[in-house]
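> Sequence first, then the predicted structure:
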Amino acid sequence: MNIDHIKRYPIADLSAIISSGQKISIHPSTKELLQTKRKALESTIQNQDQIIYGINTGFGVLCDTKINEEDLNQLQINLIRSHSCGYGAISKAERIKWVLLLKIISLCKGASGVRLELVEFLVSLYNEDLIPVVPERGSLGASGDLAPLAHLSLACIAEGKIMYEGLVYEAKEILSIKKIQAPGLRAKEGLALINGTQYTLSVLIENIILADIVFKAAVQSAILSSEAFHVNRDIFHPEIHSLRNQNGQQKIAKIIDDQISKPSRPLYSVQDPYSFRCIAQVMGASLDAFQYVQKIAENEIQSVSDNPLILSDGKVVSGGNFHAQPLAMAADILKLAMAELGSIAERRIYLLVCGHRDLPNFLIEDAGLSSGYMIVQYAAASLVSQNKQLATPAIVDSIVTSKGQEDHVSMATNAALQSLELTNNVMQIVAMEWMTACRAWNFRDQWKLNPISLKHLTNYLQRIPHKILDHIPSQDYQPTIEFLVSEMKS
């Protein structure tokens, strides 16, 4: 794939490129743009009377400290070394592959003014699967993802560590083995590498891809639970939802109305509990929020989040595009949207195990001697409680840094990492609901199921057969998650 500075790259397209192992290159017109912009920057630097932040000055609160011309390259090297202070678990290789790709796309816009050689080096890292070792924590999401991107950028000066084929090497060693020359850093380039939101964005994209699968699985679990609980199908009538005029609600209602069976047997109640009756309203609101988050992320892919920037007229201007406020807010919104999916799913688990509507207590025939799925609901409730804590907005917690120069930070990376943890929790809750709904349906052996749910259920029972007696439910959690992921992808 050619990286073109004028092309827009949706998440789905980039995901396909990464998962397929496709190599990338820089479009010829983009190469020309990079060279033109670099020449414009170098021409500006030659004007010794002009002070330009981060190019011939210090950083942060040191922005008024002038740097001598002979030290400009060393300034950038010192920046990368000093900012490499991340901590925590090492980011998985696929996430850093995303960071590399996102950083390349951003730099190819030309507004950062870096050399073509530097971008081509990043392309070589990407194509050769040379993955810089990057701790996942340490970014405030304000002056860019400084710490994680600094660790990524150490490779440019042949420092730090690089993962290759499951092993960790010193950067200098593996670059020598692969016969790749580190480009070093010249004026502006270290700052361009770390002033950016690409680390947070990669985590958010990782979450969006997972959340899409979780959402589809949650809809199917809700349908099967509705079948087992024998809800009034009128709650999904299209006209009810068209009168509300909320897109997400209408979409969820239509999916369920198209799939759910329409039996003639008597209803258990005139009105169902909200966790069933308001499936479309609650999950539809989450869908609308999810689509907003995806839009923000895709806008950011096409963005330049560096500072200062080389404008179209060649002027170098300092701004604040590195501030990750849009991503922080999107991640916090996604936390709320996914937490609600888990919350309403847990309520349906509760109702299915409570012995209502001719279902046995805890979905076991000899309740008392046996406990059935009593504690599956406990475990789901524990996750829902944890999600309430994780869903607290990270964005409202700003801490002043750099002697007050950077006095409002977004905490976007914290928000994105929390969101990812929360979404994984919801995947677990949805798996618990699916297991519970499958178990409940086994007590409806004379009833007919809608074709799509029947297909999913049949496929599931082939992998994980129904167990009549008490057993160890937790042993089925991960296989159920893997089943749901594969079914939703197919």
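Done, it's in.
> How much space separates residue 32 from residue 115?
Going from residue 32 to residue 115 by Cβ to Cβ, to the nearest Å gives 13 Å. Just so you know, the C-beta spots here come from the backbone N, C-alpha and C atoms, and that holds for glycine as well.
> more crowded one of those two?
residue 115 (22 against 14; other Cβ atoms under 10 Å).
> Can you tell me the closest non-neighbouring residue to that one?
Once flanking residues are discounted, residue 115 sits nearest to residue 38: 5.3 Å by Cβ to Cβ, 6 or more residues apart in numbering.
> repeat for residue 442
residue 466 (5.3 Å).
> Give me the pLDDT value at that neighbour.
With respect to pLDDT, residue 466 has a value of 95.
> does residue 337 really touch residue 290, like I thought?
Yes: if you go by Cβ atoms under 8 Å, residue 337 and residue 290 touch, sitting 5.4 Å apart.
> okay, and the common contacts of these two?
Taking Cβ atoms under 8 Å, 6 or more residues apart in numbering as the criterion, residue 337 and residue 290 both touch residue 211.
> Which one of these two is surrounded by more residues?
Counted by other Cβ under 10 Å, residue 337 and residue 290 do not tie: residue 337 has more neighbours, with 27 against 22.
> low-confidence ranges in the chain?
For the chain, the stretches flagged by pLDDT under 70 are 48-49, 54, 58-65, 67.
> Which residue ranges of it form strands?
Here the chain has its strands, by DSSP state E, at 2-3, 25-26, 87-90, 131-132, 135-137, 161-164, 167-170, 309-310, 316-317.
> May I ask you to name the longest helix in this protein?
Longest helix of the chain, by residue count under DSSP state H: helix 198-229.
> Pull the distance from that one to the chain's centre.
Centroid separation for helix 198-229 versus its chain: 11 Å, with Cα atoms, centre = their mean, to the nearest Å.
> do the same with stretch 478-490
Computed by Cα atoms, centre = their mean, the chain-centroid distance of stretch 478-490 equals 19 Å.
> And stretch 175-193, by the same measure?
Using Cα atoms, centre = their mean, the distance from the centre of stretch 175-193 to the centre of the chain it belongs to is 28 Å.
> Residue 427 is in contact with residue 383, correct?
No: if you go by Cβ under 8 Å, residue 383 and residue 427 don't touch, sitting 10.0 Å apart.
> The two: which has the busier surroundings?
Set side by side, residue 383 and residue 427 show more neighbours around residue 427, with 25 against 21, by other Cβ under 10 Å.
> how far away is that one from residue 391?
16 Å.
> what's the answer for residue 21, then?
Distance from residue 21 to residue 391, by Cβ to Cβ: 36 Å.
> ditto for residue 232
31 Å.
> Who has more neighbours out of those two?
Between residue 232 and residue 391, residue 391 has the larger neighbour count (other Cβ under 10 Å), namely 21 against 16.
> can you pull the contacts of that one?
335, 336, 339, 422.
> okay, which residue is most central for this protein?
The residue lying closest to the centre of the chain (Cα atoms, centre = their mean) is residue 207, at 2.3 Å.
> Hmm, residue 421 and that one touching each other?
No: contact status for residue 207 versus residue 421: not in contact, 9.4 Å apart, counting by Cβ under 8 Å.
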